[in-house]
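K.L.:
coords below, sequence missing:
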């Protein structure tokens, strides 16, 4: 569908290409250029890169930087470490000590935050939910302390930026 659409516009027309990853978009643009010949004006972004670009003014105003995936994993690992040190986890302690827990926790928290699930709602999920609530709160505190935002918050800022000022 993207190829069909781009075939309808002249090769010199600017177009915004957005994909799941920058590599995927670059591959698409290379194939398009190889098929069509000389092409310019293709602006290529992953969804996260586009969100960062759109939200850049607000990020600068707030003095924030988007956390990379690895950065979010490090923050999640730190949150787990601190909760273990405080002896507050009841169910997840054995697995929270595993090396891969930071990656798993960051992914879980990203999914929850993208879905708009607040930490308070996790309490209703029993012992596991209570532990994840503690970890989610600690994770958010760690992000705030480091002046970072994760991808769900970056997407929210970008959505606000593109929707314009709120009508009074």
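P.N.:
Noted; the coordinates are in hand. These numbers were taken from a predicted model, which means no experiment stands behind them.
K.L.:
drop to CA atoms for contacts and neighbour counts, all remaining ones
P.N.:
Noted.
K.L.:
Which SSE is immediately downstream of the longest helix seen in the chain?
P.N.:
For the chain, the helix reaching the highest residue count under DSSP state H is reported as helix 126-145. Per DSSP states H and E, the first helix or strand lying C-terminal to helix 126-145 is strand 148-149.
K.L.:
Can you list the strands that that next one pairs with?
P.N.:
Strand pairing for strand 148-149, determined by DSSP bridges: strand 65-66 (parallel).
K.L.:
what comes into contact with the partner strand?
P.N.:
For strand 65-66, the external contacting residues (C-alpha atoms under 8 Å, 6 or more residues apart in numbering) are 52, 59, 147-151, 154.
K.L.:
mind redoing it with 7 Å?
P.N.:
59, 147-150, 154 (C-alpha atoms under 7 Å, 6 or more residues apart in numbering).
K.L.:
of those residues, buried ones?
P.N.:
Buried residues within the contacts of strand 65-66, counting neighbours by 16 or more other C-alpha atoms under 10 Å: 59, 148-150, 154.
K.L.:
Nearest residue to the middle of the protein?
P.N.:
The C-alpha lying nearest the average C-alpha coordinate of the chain belongs to residue 151 (C-alpha atoms, centre = their mean; 2.0 Å).
K.L.:
Nearest residue to residue 44 in space, please, no chain neighbours.
P.N.:
Excluding its sequence neighbours, the residue lying closest to residue 44 (C-alpha to C-alpha, 6 or more residues apart in numbering) is residue 17, at 4.8 Å.
K.L.:
Am I right that the one you found is in a strand?
P.N.:
Yes. Counting by DSSP: H, G, I helix; E, B strand; the rest coil, residue 17 is found in a strand.
K.L.:
got the contact list for it?
P.N.:
Residue 17 sits in contact with 25, 42-45, where contact means C-alpha under 7 Å, 6+ apart.
K.L.:
Where is pLDDT lowest across those?
P.N.:
Taken together, these show their lowest pLDDT at residue 42, with 90.
K.L.:
Alright, I will stop here.
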